[in-house]
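Enquirer: mind looking at a prediction? Sequence and model below.
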Amino acid sequence: MKIRRSILLLGAAVVVLIALLIWFANRPAEIVMPTLVETNAVTPPATEQTSTKPSRREEATHANAPIVQAVPSGNIPPPPTQTKAQQMQGVLATYNDVPIVFYGKLEDQFGNPVVGAQVAGNTIIYNGMKTGSGHVSTTSDANGLFKIDAGKGESLGIMPKKEGYVLATTGTAFKYSHLYEGYHVPDPNNPTVIKMWKLRGAEPLLSLDKKYKLQYKSAPIYFDMIAGKTVSSGGDLKITVSRPDGIISQQHPQNWSIGLEVVDGGFIETSSSESAIAYVAPAEGYQPSGTFGNNNGPDLVDKALFIQSRNGHVFSKVHLLFGINDTPDGFMSLTFSGVANTNSSRNWEATVPQ
């Protein structure tokens, strides 16, 4: 009987053990909550009933800890970056959006102040947020002085006007942007001088506009600019062309040149911009001859000239454009354009619209 009872107790223990194993196997997994990190406070675990006072070193560490936001795992945003467009916008806003203040003084060709002239200012705006222009105007005072305050922008263009005067300065555009080397810096104690030409009376001028197609020859070619034709001798200009044999091109560059001689006179080399505002011919400084060359194949000789010819009876300002013949049997091209005073006068004022 004792043996049978032991066997029954052992069987019951096995059944209970199997039931416990089945229950633990089917028990749901424990959910792990994300840990939130906060600053300036240390929260003890929930199971602890007492806390130990932290050391001073631990207090300092927690007090200076950075603020950390709880972010779900896998969704941490990348650090902020700027696009190229945003970077360029920042550059333009810094260097192109600058105060535009201008101090100027108007003088005529004799150094006298130009009083009561209307001065228009045109600003260019290009600051990354806005592109456009602005307009402002003022009047020169009794000393020819004026000031323009045009807000902010990239550059400023100035145009003074007064009846009986014309602009005689080429540089009336000023860069304020710090992206440019040598940008304009306004100085109230050193105003920028702008020249205006006081008209003294226009004279009739002859317009020069003649184009030639010429066969190459080594002998001099004479040009009568007044008649607009070539002549056997005399006239106003003598041009001698020097070129080697063979083809002249960018693939076959060769040295070539033209010799320029003014008949009974001389020339002064200038620029197109200076020629445009020249209302009187220079009184002196002319040279009788010179040579202009080009070593880069078919490129042109392009010159602006003041010319005194025919013993001072003709004063011209001329744009000369010469093209060499690329083959020995080809044609050379020559263009004269400009004006001439044939009255033995240096006056070129009639080039101004009357």
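Expert: Looks like it came in fine.

Enquirer: how about the strands of the stretch 251-354 of the chain, start to end?
Expert: Under the criterion DSSP state E, counting those that start in this stretch, strands of the stretch 251-354 of the chain are mapped to 256-262, 266-270, 289-294, 301-309, 314-323, 331-341.

Enquirer: partner strands of the first one, with direction?
Expert: Read that as strand 256-262. Strand pairing for strand 256-262, determined by DSSP bridges: strand 237-242 (antiparallel), strand 289-294 (antiparallel).

Enquirer: nearest to residue 91, out of those?
Expert: strand 289-294 (40.6 Å; CB to CB). Bear in mind the C-beta positions are built from the backbone N, C-alpha and C, glycine included.

Enquirer: any idea of the mean pLDDT in the closest one?
Expert: On average, the pLDDT along strand 289-294 is 90.

Enquirer: buried ones in it?
Expert: Buried residues in strand 289-294, counted by 16 or more other CB atoms under 10 Å: residue 294.

Enquirer: for stretch 250-266, same thing?
Expert: 254, 256-258, 260-263, 265-266.

Enquirer: and it, end to end?
Expert: End-to-end distance for stretch 250-266, by CA to CA, to the nearest Å: 33 Å.

Enquirer: show which residues not belonging to it make contact with it.
Expert: With CB atoms under 8 Å, 6 or more residues apart in numbering as the test, stretch 250-266 has contacts from 220, 222, 234-244, 246, 248, 267, 286-298, 301, 307-312, 314, 320, 322, 324.

Enquirer: please apply the same query to stretch 89-102.
Expert: With CB under 8 Å, 6+ apart as the test, stretch 89-102 has contacts from 82, 121, 123, 125-129, 147-154, 156, 158, 174, 176-179, 184, 186, 192.

Enquirer: again, only this time at 7 Å
Expert: 123, 126-129, 147-154, 156, 158, 174, 176-179, 186 (CB atoms under 7 Å, 6 or more residues apart in numbering).

Enquirer: now the strands of the stretch 251-354 of the chain as CSV including distance to residue 103?
Expert: Compiled in CSV, the strands of the stretch 251-354 of the chain are given as follows (distance: least, CB to CB, whole Å):
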stretch, distance to residue 103
strand 256-262, 43
strand 266-270, 29
strand 289-294, 41
strand 301-309, 32
strand 314-323, 33
strand 331-341, 35
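
Enquirer: ok, the residue minimising distance to the centre of the chain to residue 98 distance?
Expert: With distances taken as CA atoms, centre = their mean, residue 180 lies nearest the centre of the chain, 7.5 Å away. Distance, residue 180 to residue 98, using CB to CB, to the nearest Å: 11 Å.

Enquirer: do residue 277 as well
Expert: Distance from residue 277 to residue 98, by CB to CB: 29 Å.
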